[in-house]
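> Everything below, folded, please.
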Amino acid sequence: MDRRSLLKASLAVATYCGVPSLAGYATSAVAAESSIADGKPLSFSFDILKQHARQLSSEDYGGAPSPLPTTLANLDPISYQKIQYDPDHSLWHNLKNRMLDVQFFHVGMGFKRRVRMFSLDPATHKSREIHFRPDLFTYKGTGVDVSQISHDQQLGFAGFRVFEKPQLDSHDFLSFLGASYFRADGGDGQYGLSARGLAIDTFYKNKTEEFPDFVAFWIETPKPSSSTTFTVYALLDSPSATGAYRFVMHCDNGKVRMDIDANIYAREDIGQLGVAPMTSMFSCGTNDRRACMTFHPQIHDSDRLSMWRGNGEWICRPLDNPEHIQFNAFADENPKGFGLLQLDRDFASYQDTVDGYNRRPSLWVEPRSEWGKGSINLMELPTTGETLDNIVCFWNPAEEIKKGSAHYFAYRLYWSPTPPFKSPLANVYATHDGIGGFTEGWAPGEHWPTIWARRFAVDFVGNTLNLPKGQGIDPQISVSSGEAKSIQVLHVPEINGYRVLFDWYPNNASTDPVNMRLYLKSSAGNTLSETWLYQYFPPAPADRRYPDWPAGKHD
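From the prediction side, this is the model:
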């Protein structure tokens with residue numbers, strides 16, 4: 001974990017609630033010497049978990065937990081990070097030929113949720129609880145007063161993380177920590193964006209967003225025949241909903257595919273249900289340099305939202321760091337997939353030697369069941385730096401979520417450098433914008449144009465652009481206000497693709513966002529590319545002027 005991860009997670013879990021009782025689970029009087037799982041063996045199945053989650057949704061919400069011991073509650077991020085789990089007490093330390101292993105996170109600082117952990121034997125379908133005890137951790141240099149926590153088995157854990165051979169003790173590649181957040185590094189050894197189990201009322205009327213919590217996990221021991229595949233079950237709880245989740249994790253050199261079954265039970269009416277939510281960071285990029293105040297050319301975990309719509313259309317929506325909160329809903333029916341992607345993987349694009357933005361994973365959602373009508377929601381928040389996530393994306397079903405109702409969503413998450421699917425047509429390579437109104441290649445100098453304009457350059461790459469002799473590329477551009485003029489198509493050998501240039505001219509004084517749409521057709525009428533969607537925020541009329549405008553020319 002790094003400083004950004006700790007700060008981000010502690011803010012995300014600022015409000016917590018109590019852990020519900022799991023009927024039938026009890027503590028064994030004597031801990032088993034051969035295992036850290038010291039609870040009484042009891043039967044477990046996904047059906048049992050679903051029944052419990054449904055029953056829990058009919059009961060009052062448990063509310064906030066009791067305060068943490070002072071020695072943990074007052075930890076700063078650096079001290080918290082120094083608390084280390086002892087790898088000799090890892091969950092599968094005694095497993096022969098282990099390819100994976102699990103360690104646990106300590107509660108403390110902003111991580112106030114006491115999460116219960118259970119070890120599940122797939123052969124017997126018996127689970128045993130793993131109770132907190134200080135000898136599972138080392139506290140050197142943390143300032144933690146162990147005497148305050150030494151007899152508190154109910155303290156629980158904050159989450160867990162997974163290691164893969166050969167780095168079974170040194171570098172985790174998958175973690176669940178804070179509320180219902182989880183993430184994987186995607187195979188390049190660098191964490192980035194996060195997923196969540198559920199989002200509630202992220203942007204709905206005047207309601208405050210609700211962050212459901214995973215309050216208990218059942219971690220199944222890998223089978224010898226599939227040692228890099230394992231299953232985790234989770235219980236979710238919040239004021240408005242409960243949930244029973246199953247995660248089947250397929251791991252391959254850090255790349256992770258998760259098959260998720262989410263059963264959600266509404267405790268209250270829900271205005272906006274966020275399914276398969278993901279959270280990322282976009283500070284600045286090729287299309288938005290406003291917040292790039294350091295020497296780094298770009299700073300972001302993800303550069304675009306990609307959507308494969310139910311009708312087969314592919315959409316590329318570059319991300320933005322707006323000056324005000326922006327929310328967009330892209331209507332669809334039975335989407336084929338969507339994700340937040342980090343496709344620019346060139347170190348030169350970021351010049352970052354600490355945070356490894358060129359190695360951050362992409363995350364792709366593939367529905368495994370019919371999701372019906374709804375919309376892919378995108379919220380972009382203003383941020384002045386890279387320490388806080390400001391991008392949220394999820395599926396919002398069109399059906400009303402009423403108290404007492406049950407809902408099922410099956411989907412697959414792919415954590416990898418590039419998504420497993422992409423449009424067979426030409427793809428958007430990059431988006432750029434800057435001042436316009438003059439001929440490309442001409443430096444205006446003292447001869448600025450008399451009418452202000454903004455120029456956009458959208459690069460496309462792909463084999464469909466290699467047209468038969470005699471055919472040309474015909475850009476299809478539409479804007480919700482203003483006009484698109486001076487349209488050019490230029491071949492760019494350096495990217496083996498084409499750049500579409502156009503200038504946007506305002507026709508009113510509005511500062512409302514302008515929705516832009518662009519795709520490529522051949523002169524023969526064939527569609528050549530995915531669709532580029534963009535949202536531009538024009539400045540106020542008084543600011544629509546070129547730099548160092550000659551005196552009197554702007555009057």
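
> Any chance of the backbone angles for R54?
phi -60, psi -40 (degrees, to the nearest 10).

> now do the one 3 residues further on
In terms of degrees, to the nearest 10, the main-chain angles of S57 are phi -70, psi -20.

> Was I right to think it contacts N263?
No - contact criterion C-beta atoms under 8 Å: S57 and N263 do not qualify, at 10.5 Å. (C-beta placed from N, C-alpha, C; glycine too.)

> Comparing those two, which residue is more hemmed in?
Neighbours around S57 and N263, counted as other C-beta atoms under 10 Å, are more numerous at S57. The numbers are 23 against 20.

> which stretches of the chain form helices?
Using DSSP state H, the helices assigned to the chain run over residues 3-12, 46-57, 70-73, 77-82.

> Which strands and helices lie in contact with the second one?
Read that as helix 46-57. Judged by 3 or more C-beta pairs under 8 Å, 6 or more residues apart in numbering; DSSP states H and E, the packing partners of helix 46-57 are strand 229-237, strand 241-252, strand 255-266.

> for this protein, which spans come out with low pLDDT?
1-34, 225-226, 443-446, 548-555 (pLDDT under 70).

> could you redo the last one with a cut-off of 50?
By pLDDT under 50, the weakly predicted segments of the chain are 1-19, 23-34, 552, 554-555.

> Let me see the domain layout of it.
The chain breaks down into these domains under automatic domain parsing: 1-173+218-262, 187-207+271-422, 427-543.

> what's the closest of those to Y181?
Among the domains of the chain, domain 187-207+271-422 comes nearest to Y181, with 4.9 Å by C-beta to C-beta.

> ok now that closest one, how far from the chain's centre?
6 Å (C-alpha atoms, centre = their mean, to the nearest Å).

> Go through the helices and strands packed on helix 46-57 and pick out the most buried.
strand 229-237 (a mean of 23; mean count of other C-beta atoms under 10 Å).

> partners of that strand, with directions?
Strands that pair with strand 229-237, judged by DSSP bridges, come out as strand 213-220 (antiparallel), strand 241-252 (antiparallel).

> got the angle between the last one and helix 46-57?
This means strand 241-252. 150 degrees (axes from the mean of the first three to the mean of the last three C-alpha atoms, to 10 degrees).

> Just the CA trace of strand 241-252, in PDB.
Extracted as PDB, the C-alpha positions of strand 241-252 are listed here (Å, rounded to 0.1, in the frame of the first residue of the first chain):
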ATOM      1  CA  ALA A 241     -29.500  -3.000   1.100                       C
ATOM      2  CA  THR A 242     -27.900  -6.300   1.900                       C
ATOM      3  CA  GLY A 243     -26.100  -8.700  -0.500                       C
ATOM      4  CA  ALA A 244     -24.700 -12.200  -0.900                       C
ATOM      5  CA  TYR A 245     -21.800 -12.300  -3.300                       C
ATOM      6  CA  ARG A 246     -19.700 -15.100  -4.900                       C
ATOM      7  CA  PHE A 247     -16.300 -14.300  -6.500                       C
ATOM      8  CA  VAL A 248     -14.600 -17.000  -8.500                       C
ATOM      9  CA  MET A 249     -11.100 -15.700  -9.000                       C
ATOM     10  CA  HIS A 250      -8.900 -17.000 -11.800                       C
ATOM     11  CA  CYS A 251      -5.300 -15.800 -11.400                       C
ATOM     12  CA  ASP A 252      -2.500 -15.900 -14.000                       C
END
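
> Now do that strand and strand 255-266, the angle between them.
170 degrees.

> Same question for the shortest one.
Per the same axes, to 10 degrees, the angle that strand 213-220 makes with strand 255-266 is 130 degrees.

> Export strand 213-220 to PDB, keeping only CA atoms.
Taking only C-alpha atoms (Å, rounded to 0.1, in the frame of the first residue of the first chain), the coordinates of strand 213-220 have been written out as PDB:
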ATOM      1  CA  ASP A 213     -19.800  -2.600   3.400                       C
ATOM      2  CA  PHE A 214     -18.500  -6.200   3.000                       C
ATOM      3  CA  VAL A 215     -18.900  -7.300   6.600                       C
ATOM      4  CA  ALA A 216     -17.800 -11.000   6.300                       C
ATOM      5  CA  PHE A 217     -15.800 -13.100   3.900                       C
ATOM      6  CA  TRP A 218     -15.700 -16.900   3.400                       C
ATOM      7  CA  ILE A 219     -12.400 -17.800   1.700                       C
ATOM      8  CA  GLU A 220     -12.400 -21.200   0.100                       C
END
